[in-house]
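Asker: Sequence and predicted structure are below.
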Amino acid sequence: GDSVTQMEGPVTLSEEAFLTINCTYTATGYPSLFWYVQYPGEGLQLLLKATKADDKGSNKGFEATYRKETTSFHLEKGSVQVSDSAVYFCALRKATNAGKSTFGDGTTLTVKP
Amino acid sequence: SAVISQKPSRDICQRGTSLTIQCQVDSQVTMMFWYRQQPGQSLTLIATANQGSEATYESGFVIDKFPISRPNLTFSTLTVSNMSPEDSSIYLCSVDKQNIQYFGAGTRLSVL
């Protein structure tokens, strides 16, 4: 079946450091890929998405590129802030399976001032 | 986009009791989804709620434990029945709209 594998955490960075959180997937067909963020005490919020190969999703300084050849969707940010401290989830969704997204295990990011 | 409101946001319950969680969406949707997020873990789909029919449960989840109602196209409830400490989790309501999945803020349930 479909699966999403995320870089294990937790990840601790200093403010203004470069962030990469790796995400790879296994799926048949052509899924859409997503990054969700969960701030402490809150639900999941969509951070960015990409719906086809070579698409780049971006939001709030975060970016991820849909790489079909490596089945990856790594999340990057050039300069993290303390306010970016959260849990990040990579997910895939197929149009034929609406609502049943497959999630990675989540990566906890802590940014220290 | 979709705005999803969940109530309660958190609760502490006694073993053996039941809790009903409400989910309200700001627009009509065909399907609503209920997820569970156990402490430190990822999300697991409990069931899909369709208006006018019984919910469809995923493997490992049963209607007697997690009865679901879907009285109209903007509202659903999930009941966690006969609770035990193992039911302590975050329960999330979700909708799929324009190929994006949206989530409520979740209900944080602690069972003593």
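Answerer: Received the coordinates, thanks.

Asker: How about B:F75: which residues does it bridge to?
Answerer: B:Q24, B:N72 (DSSP bridges).

Asker: List the contacts of A:Y36.
Answerer: For A:Y36, the contact set (Cβ atoms under 8 Å, 6 or more residues apart in numbering or on different chains) comprises A:L44, A:Q45, A:L46, A:L47, A:Y88, A:F89, A:A91, A:F103, B:F103. Placement of C-beta: from N, CA and C, glycine included.

Asker: Next step: these restricted to helices.
Answerer: Applying DSSP state H to the contacts of A:Y36, no entry is found in helices.

Asker: Which parts of the chain are strands?
Answerer: Since you didn't name a chain, this refers to chain A. Secondary structure of chain A (DSSP state E): strands at A:3-6, A:11-14, A:19-21, A:23-26, A:32-38, A:44-50, A:56-59, A:62-65, A:75-77, A:86-93, A:102-103, A:107-112.

Asker: meant chain B, my bad for not saying
Answerer: B:4-7, B:10-13, B:19-25, B:31-37, B:43-50, B:56-57, B:68-72, B:75-80, B:89-97, B:100-103, B:107-111.

Asker: Quick one: neighbours of A:G106, just the number.
Answerer: Using other Cβ atoms under 10 Å in any protein chain shown, A:G106 has 25 neighbouring residues.

Asker: Near chain B, which residues of chain A are found?
Answerer: Contact residues of chain A with respect to chain B, defined by Cβ under 8 Å from any Cβ of the partner chain, are listed as A:32, A:34, A:36, A:42-46, A:49, A:51, A:89, A:91, A:93, A:95, A:98-101, A:103-106.

Asker: Mind giving me the ChimeraX command for buried ones among the residues you listed?
Answerer: Buried subset of the residues of chain A next to chain B, written as a ChimeraX selection, criterion 16 or more other Cβ atoms under 10 Å in any protein chain shown:
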select /A:32,34,36,43,44,46,49,51,89,91,93,98,99,100,101,103,104,105,106
